[in-house]
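In: coordinates for the following, if possible.
(one chain, ligands or ions: 1)
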Amino acid sequence: MKVTKMHGLGNSYIYVSEFEEQLREEELAPLAVAVSDVRKGIGSDGLILIGPSRVADVRMRIFNADGSEAENCGNGVRCVAKYAYEHGYVHKTHFTVEVKSGIVEAFVHPDADGLVRTVTVDMGQARFGASAVGYTGQDEDGDAVLDIDGVAYRGTLVSVGNPHFVSFVADAASFPVAEVGPRIERHPDFPQRINVEFVTPRGPSELDFRVWERGSGITFACGTGACASVAAGVRKGLLDRRVTVHLLGGDLEIELQGERIWMTGEAVTVLTGDYAWPRG
Ligand SMILES: N[C@@H](CCC[C@H](N)C(=O)O)C(=O)O
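Out: Numbering: from 1, shown residues only. Below is the predicted model:
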């Protein structure tokens with residue numbers, strides 16, 4: 001199977017083109033688990049498929065490292081846009097990408113060699129509150145307060161296609177993400193599980209960001225998480241509408257234009273190669 005490993009700010013996925021490879025539905029989850037394995041696979045945060053779409057220029061499907069399928073992936077959309085443009089699946093610099101939750105618009109910025117290093121995406125609108133993320137508890141003006149071992153954790157419930165719990169904490173850099181993140185992801189009041197962000201504003205236009213991703217754990221970056229966090233910060237009056245988000249893997253520029261969230265950041269190809277699938 002022809003595969004490409006790409007990353008956006010260290011959030012890496014194995015990309016397979018359905019224009020070239022035929023995959024059966026039932027093998028997608030095990031394939032995602034297998035390629036993501038650092039020791040027995042390639043090593044990634046999951047699997048992304050790029051294929052034809054009936055409603056957009058290209059279609060993306062994203063599977064987390066545990067094989068679960070997600071509705072959207074910000075870093076993935078940027079890499080899919082780069083892949084689609086550089087492989088000639090699209091012949092324009094502004095095009096649409098179908099994701100499970102809808103359609104987003106990508107703007108690639110090719111250099112003189114036709115290579116794309118940065119991509120801007122109109123990620124659409126954020127939705128807030130319990131019903132937006134499948135929270136079965138009662139929200140307080142869009143926030144959930146969870147009791148975990150006697151400690152209360154407050155988070156804004158935000159959907160940018162996929163669900164996020166955005167918690168404003170005193171110091172994201174030193175926050176115990178690996179301990180608290182999975183407890184919130186798998187809290188019984190989130191039956192569909194949830195992505196968990198711990199963020200700290202450095203003034204109104206910069207945000208320190210750490211993430212525990214649903215289905216993949218700690219990652220170096222989460223594009224949808226960055227969008228959700230800025231939308232939550234603007235709603236709370238903590239952030240301006242244009243924010244540099246500092247993630248473990250680098251920076252993302254997020255801007256709210258009206259209700260729409262625009263994301264600009266890198267998209268990087270790491271390798272292309274042949275993966276032995278099925279194993280044998
Ligand atoms: N890393 C992604 C989000 C991937 C999906 C997420 N873990 C989920 O289950 O919703 C991003 O860059 O947005």
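In: next, give phi and psi for the most centrally placed residue in the chain.
Out: Centroid-nearest residue in the chain, with C-alpha atoms, centre = their mean: Cys73, separated by 3.3 Å. When read as degrees, to the nearest 10, the backbone of Cys73 gives phi -160, psi 110.
In: my read: it touches Phe63, true?
Out: No - Cys73 is not in contact with Phe63 according to C-beta atoms under 8 Å; the separation is 9.7 Å. Quick note: C-beta positions are derived from backbone N, CA and C, even for glycine.
In: mind listing the shared neighbours of those two?
Out: Ile48 (C-beta atoms under 8 Å, 6 or more residues apart in numbering).
In: would you map out the domains in this structure?
Out: Domain ranges of the chain: 2-123+265-274, 127-258, per automatic domain parsing.
In: now render the ones you listed as a markdown table, adding mean pLDDT and distance to the ligand.
Out: As requested, the domains of the chain are exported to a markdown table (pLDDT from 0 to 100; distance: least, C-beta to the nearest ligand atom, whole Å):
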| stretch | mean pLDDT | distance to the ligand |
| --- | --- | --- |
| domain 2-123+265-274 | 98 | 3 |
| domain 127-258 | 98 | 3 |
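In: could you pull out the strands in the stretch 101-250 of the chain for me?
Out: 102-110, 116-125, 127-128, 143-148, 151-159, 163-168, 195-201, 206-213, 217-218, 242-247, 250-257 (DSSP state E, counting those that start in this stretch).
In: save those as JSON lines, and put in distance to Ile14 too.
Out: Formatted as JSON lines, those follow (distance: least, C-beta to C-beta, whole Å):
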{"stretch": "strand 102-110", "distance to Ile14": "20"}
{"stretch": "strand 116-125", "distance to Ile14": "19"}
{"stretch": "strand 127-128", "distance to Ile14": "30"}
{"stretch": "strand 143-148", "distance to Ile14": "33"}
{"stretch": "strand 151-159", "distance to Ile14": "26"}
{"stretch": "strand 163-168", "distance to Ile14": "24"}
{"stretch": "strand 195-201", "distance to Ile14": "20"}
{"stretch": "strand 206-213", "distance to Ile14": "16"}
{"stretch": "strand 217-218", "distance to Ile14": "17"}
{"stretch": "strand 242-247", "distance to Ile14": "20"}
{"stretch": "strand 250-257", "distance to Ile14": "20"}
